[in-house]
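Asker: return atomic coordinates for the entry below.
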Amino acid sequence: MSLTYEQLVAAWSDCRLRREEVIAWFQDHRWLQHQALFAHRHSCEPALFHQELVELFWSETQRLGVFAFRGGAKSTIAEEFIALGAAELAFHNCVILGASEGRAAERPSASPRSNASSSAMMT
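Answerer: Below you'll find the model as predicted:
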């Protein structure tokens, strides 16, 4: 399906697209998927490496280490990926590592509201 994001929104609003078609479009446009579905979490313009990071998360790579400066939205983008991947049944388990057990445990507890709104979008 060769639509721009604006055309997709218009077609969805006019009920010319089925839910499955919208999901398939977003699966082909992962960067736009993150930008559209999680716009409420993005208070700043994306950094140049964010699109590459989204593409890496959605690649076939099974183990991925990301090194970037503190505050670079690595965890935010990872949480978005986890929410979308879980909704799409892309994986069975997800391991979140942090500098300490407490830091790692902070991440899932920081995103239930976002996970709830994301799952609402998928229904």
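Asker: residues of the lengthiest helix in the chain that come out buried?
Answerer: When the chain is parsed with DSSP state H, its longest helix is helix 74-87. Buried residues in helix 74-87, defined by neighbour count with 16 or more other CB atoms under 10 Å: 74-84, 86-87. Yep, even glycine has a C-beta here, placed from its N, CA and C like the rest.
Asker: would CSV of the residues you listed with pLDDT and distance to Q7 be doable?
Answerer: Formatted as CSV, the buried residues of helix 74-87 follow (pLDDT from 0 to 100; distance: CB to CB, whole Å):
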residue, pLDDT, distance to Q7
K74, 84, 32
S75, 83, 32
T76, 86, 28
I77, 88, 26
A78, 87, 30
E79, 88, 29
E80, 90, 23
F81, 89, 25
I82, 89, 29
A83, 90, 25
L84, 91, 22
A86, 89, 28
A87, 88, 24
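Asker: can you lay out those as TSV showing distance to F38?
Answerer: Formatted as TSV, these follow (distance: CB to CB, whole Å):
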residue	distance to F38
K74	14
S75	13
T76	8
I77	9
A78	12
E79	9
E80	5
F81	10
I82	12
A83	8
L84	9
A86	14
A87	12
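Asker: could you single out the nearest of those to H50?
Answerer: I77 (6.4 Å; CB to CB).
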